[in-house]
Structure formats: C-alpha cells, structure tokens
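> Structure for the following, please:
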Amino acid sequence: QVQLVESGGGSVQSGGSLRLSCTASEYTYRTYCMGWFRQAPGKERERVATIYTGGGRTVYADSVKGRFTISQDNAKNTLYLQMTSLKPEDTAMYYCAAALTPGSCNPKYWGQGTQVTVSS
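Predicted coordinates for the structure are as follows:
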C-alpha cells in the first residue's frame with residue numbers, strides 16, 4: 001500500500017507559478033514511476049508529467065512542455081511539480097499517482113488531489 005498526500009495548490013493569476021508536492025509513504029524502492037495528472041470540470045483526466053523513479057527520466061504532456069517540471073527528492077519521499085507561466089486552462093484538480101509494476105506506468109495508487117485555479 002502506497003499512500004500519497006498532495007499539497008501546494010491554490011489560486012494564482014495568469015503567468016504566475018506554483019509548486020505542488022506529493023509525499024509518499026513508500027518511494028523509489030517500491031514505485032516504478034510516479035506522475036501528476038489533472039482533471040478539469042467536464043473533462044477527462046489528463047496525464048501531465050511522469051518520472052521514472054529509478055533513472056529519473058521524465059515525460060510531459062505537450063500542453064505543459066517548457067512550463068512544468070517534475071522532480072523527486074528520494075530522501076524526503078517527495079514528488080514535485082513546479083508550474084510556471086500558468087494559464088487559465090491549467091485550472092484543474094491535480095493528482096499525484098504511483099505505479100509499481102515494472103514496465104507499466106498505469107497508476108495503482110492516487111492521492112486525494114489539490115486544486116489549482118488560474119485566473120486571467
């Protein structure tokens with residue numbers, strides 16, 4: 001069982017920045033990859049960024065490339081999402097997720113979510 005707790009969401013104006021954090025009960029020695037997803041009202045959940053916890057390789061959705069950075073601090077069992085140049089369309093509930101099975105980044109565990117609201 002991996003428990004995930006997100007924090008760092010909030011309200012910001014367009015062009016602003018936020019950093020989301022996700023603290024995991026168990027980290028790299030159990031997870032294969034971790035990621036951030038988001039879901040806006042009336043829209044499907046979207047994978048925003050992924051990090052392969054063993055080697056640190058990262059993958060981003062086209063909509064956030066160059067603006068968001070996913071990173072990890074293994075000593076703190078924490079995953080981060082640094083978000084810059086935020087746009088109103090980034091408004092959504094953001095979720096942290098963990099996948100354990102080698103070769104698959106389909107999440108098995110989810111956090112409760114943290115709201116990000118970007119105003120124009």
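> Could you measure from the spatially most central residue of the chain over to Asp62?
Nearest to the geometric centre of the chain sits Trp36, at 2.3 Å (Cα atoms, centre = their mean). Distance, Trp36 to Asp62, using Cβ to Cβ, to the nearest Å: 15 Å. For the C-beta atoms, the positions are set from N, CA and C on the backbone; glycine is no exception.
> Please enumerate the strands of the chain.
Under the criterion DSSP state E, the chain contains strands at 4-7, 10-13, 18-24, 33-39, 46-52, 58-60, 68-73, 78-83, 92-99, 109-110, 114-119.
> Just list what the fifth one packs against, helices and strands only.
If contacts are counted by 3 or more Cβ pairs under 8 Å, 6 or more residues apart in numbering; DSSP states H and E, strand 46-52 sits against strand 33-39, strand 58-60, strand 68-73, strand 78-83.
> List the neighbouring strands of the second one plus their orientation.
Next to strand 58-60 in the sheet, as set by DSSP bridges, lie strand 46-52 (antiparallel).
> Buried residues, the strand it pairs with. List them.
48-52 (16 or more other Cβ atoms under 10 Å).
> if we can go back for a sec, reformat the helices and strands packed on strand 46-52 as a markdown table; add distance to Ser17.
Listed next are those as a markdown table, based on distance: least, Cβ to Cβ, whole Å:
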| stretch | distance to Ser17 |
| --- | --- |
| strand 33-39 | 15 |
| strand 58-60 | 16 |
| strand 68-73 | 10 |
| strand 78-83 | 6 |
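> out of those strands, nearest to Tyr109?
Across these, Tyr109 has its closest neighbour in strand 33-39 (9.4 Å, Cβ to Cβ).
> if we look at the closest one, which residues are touching it?
20, 22, 24, 45-53, 68, 70, 72, 79, 81, 90, 92-99, 105, 107, 116 (Cβ atoms under 8 Å, 6 or more residues apart in numbering).
> Any regions of the protein where pLDDT drops low?
27-29 (pLDDT under 70).
> Mind doing that once more with 90?
Where the chain drops to pLDDT under 90, the residues are 1-2, 24-32, 53-56, 74-77, 100-104.
> any idea how far Asp62 is from the closest residue to Gly8 other than its chain neighbours?
Computed as Cβ to Cβ, 6 or more residues apart in numbering, the closest residue to Gly8 that is not its neighbour in sequence is Leu20, at 4.2 Å. Relative to Asp62, Leu20 is positioned 20 Å away (Cβ to Cβ).
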